[in-house]
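*Asks:* return a 3D structure for these sequence lines:
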Amino acid sequence: MAGSTDHRAAQRADLLRFAQGSACQGGFGYLDDAGRLDPSEPMPLYVACRMTHVFSLGLLAGEPPAEGGPDRTELARLAQHGVQALSQGPLHDARSGGWFAAMEPGGSPEGAKAAYAHAFVVLAATSALAAGVPGAQLLLDMALDVMESHFWDEETGTVVEQWDSAWTTLDDYRGVNANMHTVEAFLAAGDVTGDSTWHTRAGRIAERVVALARGNQWRIPEHFTADWRSLLDYNREMPADAFRPFGATVGHGMEWARLLIAVDETLGEDAPEGLVEAAVALNDRAIADGWAADGEDGFIYTTDWDGTPVVRARMHWVVAEAICTATVLHRLTGEQRYATDLQRWWDYADTFLIDHALGSWHHELDPENRPASGTWSGKPDVYHAYQAALMADVPTTPSFATALAAGREQPTS
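*Replies:* Residues are numbered from 1 along each chain as shown. Have a look, this model is predicted:
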């Protein structure tokens, strides 16, 4: 059955089998639909980090490999390859510090230094450190230093968005997406280092986003000026942008819901008030606005601020996050409706998203649930899908790698 213990384990093994094809000189590259490196695509920093993170999780889990998939020795090699590439490879800016957003196919760096991708450097380093990968501690120290020096804004309790390559010019844009992944990274950093500063900062970001969403009918504004004034019309002319789409991003409502619960559990009595209630409201709004909004099963990508569908394509990561959030909410509340949702999301993924022939998940479907490439081409990484297949087998907190390293497993369903 889709979503069962055996199904999840098989998914994890096959995702690792598919992902191993991304290894290349300098890091991990962009995969096409069949799991081959696509030489026409850049090598994005976030992909290199996500693959390092996932291979580290696979190493920690120690599960039997899929046929043709990496065994424990190979997973250790792949995780080590990721750490070395991020520490010493072309994505790392040895002169100015930090990491380039991507390496272009011709070998030149894309010079911007973005908080979104740097958050994934932190996440990759924490997972590699938990897995005992040599060099991971140094990588994490480097990454946290960059976050502290260039991205963390103590006054606002958020991260800024993007600098030029020399760290001389800061972009005026502020974004919630980068802050969301920073929450994930800071929770993981606090878990693996024992330094509660990172947990507290995750809580400060979460508190701000809850206030923004509460004031907007639980549809999260994503785009802001430098002084955090909302830009509700931002990218109206490019509504299907992969990272900064216009309107409310349905999947982020559910992704934030899971992270808010993790922040609440991590901080305990020091957590900002109302995080669990906000998580429930965000999840409810996302499902009401996004699921089968045009009559076909699946979550649409975005809506206008009144809930009207805007981009009706279905993105794989949205369902993966819906699976994670339903798992966490059911674990927390025991309410049957979350178990029902969880099975529905897994059944949908198994029917439409999981590529049973070639492996991994189709990254995008059209409104009729056919594979598409309007926003995403190929299958560049397995981060969202792997975490969806892992969520039921680890606690909500601590973060994935720390939980696996400690051997703490939840009862599976």
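*Asks:* helices along the stretch 201-350 of the chain, start to end?
*Replies:* Taking DSSP state H, counting those that start in this stretch to define them, one finds helices in the stretch 201-350 of the chain at 250-267, 275-290, 316-333, 336-348.
*Asks:* for the stretch 51-200 of the chain, same thing?
*Replies:* 72-88, 115-130, 136-146, 176-193, 196-214.
*Asks:* now render those as a markdown table, adding mean pLDDT, mean neighbour count and distance to residue 10.
*Replies:* For the C-beta atoms, the positions are set from N, CA and C on the backbone; glycine is no exception. Formatted as a markdown table, those follow (pLDDT from 0 to 100; neighbours: other Cβ atoms under 10 Å; distance: least, Cβ to Cβ, whole Å):
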| stretch | mean pLDDT | mean neighbour count | distance to residue 10 |
| --- | --- | --- | --- |
| helix 72-88 | 98 | 21 | 17 |
| helix 115-130 | 98 | 28 | 22 |
| helix 136-146 | 98 | 20 | 28 |
| helix 176-193 | 98 | 25 | 26 |
| helix 196-214 | 98 | 20 | 33 |
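*Asks:* can you tell which of those helices is closest to residue 390?
*Replies:* Shortest distance between residue 390 and those, using Cβ to Cβ, is found for helix 115-130: 11.7 Å.
*Asks:* tilt between the closest one and helix 72-88?
*Replies:* 130 degrees (axes from the mean of the first three to the mean of the last three Cα atoms, to 10 degrees).
*Asks:* hang on, the earlier thing: now distance to residue 314 too, for the helices of the stretch 51-200 of the chain, in JSON lines please.
*Replies:* Below are the helices of the stretch 51-200 of the chain laid out as JSON lines (distance: least, Cβ to Cβ, whole Å):
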{"stretch": "helix 72-88", "distance to residue 314": "29"}
{"stretch": "helix 115-130", "distance to residue 314": "22"}
{"stretch": "helix 136-146", "distance to residue 314": "33"}
{"stretch": "helix 176-193", "distance to residue 314": "19"}
{"stretch": "helix 196-214", "distance to residue 314": "23"}
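*Asks:* closest one to residue 223 among these?
*Replies:* Closest of those to residue 223 is helix 176-193, at 7.6 Å (criterion: Cβ to Cβ).
*Asks:* export that closest one as CSV, just CAs?
*Replies:* Taking C-alpha atoms only, helix 176-193 is exported to CSV below (Å, rounded to 0.1, in the frame of the first residue of the first chain):
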residue,chain,number,x,y,z
VAL,A,176,9.9,34.4,3.1
ASN,A,177,11.1,31.4,1.1
ALA,A,178,14.8,31.9,2.1
ASN,A,179,13.7,32.4,5.7
MET,A,180,11.7,29.2,5.6
HIS,A,181,14.7,27.1,4.7
THR,A,182,16.8,29.1,7.1
VAL,A,183,14.4,27.9,9.9
GLU,A,184,15.0,24.3,8.8
ALA,A,185,18.7,24.8,8.7
PHE,A,186,18.9,26.7,12.0
LEU,A,187,16.9,23.9,13.8
ALA,A,188,19.3,21.3,12.4
ALA,A,189,22.3,23.5,13.4
GLY,A,190,21.1,23.8,16.9
ASP,A,191,20.4,20.1,17.1
VAL,A,192,23.8,19.0,15.9
THR,A,193,25.9,21.6,17.7
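*Asks:* what about it, distance to the chain center?
*Replies:* Here helix 176-193 is found 10 Å from its chain centre; the criterion is Cα atoms, centre = their mean, to the nearest Å.
*Asks:* rebuild the helices of the stretch 201-350 of the chain as a markdown table, extending it with mean pLDDT.
*Replies:* Output for these, formatted as a markdown table (pLDDT from 0 to 100):
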| stretch | mean pLDDT |
| --- | --- |
| helix 250-267 | 98 |
| helix 275-290 | 98 |
| helix 316-333 | 98 |
| helix 336-348 | 98 |
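*Asks:* ok, which of those helices comes nearest residue 18?
*Replies:* Among the helices of the stretch 201-350 of the chain, helix 316-333 comes nearest to residue 18, with 13.0 Å by Cβ to Cβ.
*Asks:* mind listing what's buried along the closest one?
*Replies:* 316-332 (16 or more other Cβ atoms under 10 Å).
*Asks:* could you do stretch 215-227 as well?
*Replies:* 218, 219, 220, 221, 222, 223, 224.
*Asks:* distance of the nearest residue to the fifth one once chain neighbours are set aside relative to residue 209?
*Replies:* When you say that, I think you mean residue 222. In space, and not counting its chain neighbours, residue 222 is closest to residue 176: 4.7 Å by Cβ to Cβ, 6 or more residues apart in numbering. Counting by Cβ to Cβ, to the nearest Å, the gap from residue 176 to residue 209 is 6 Å.
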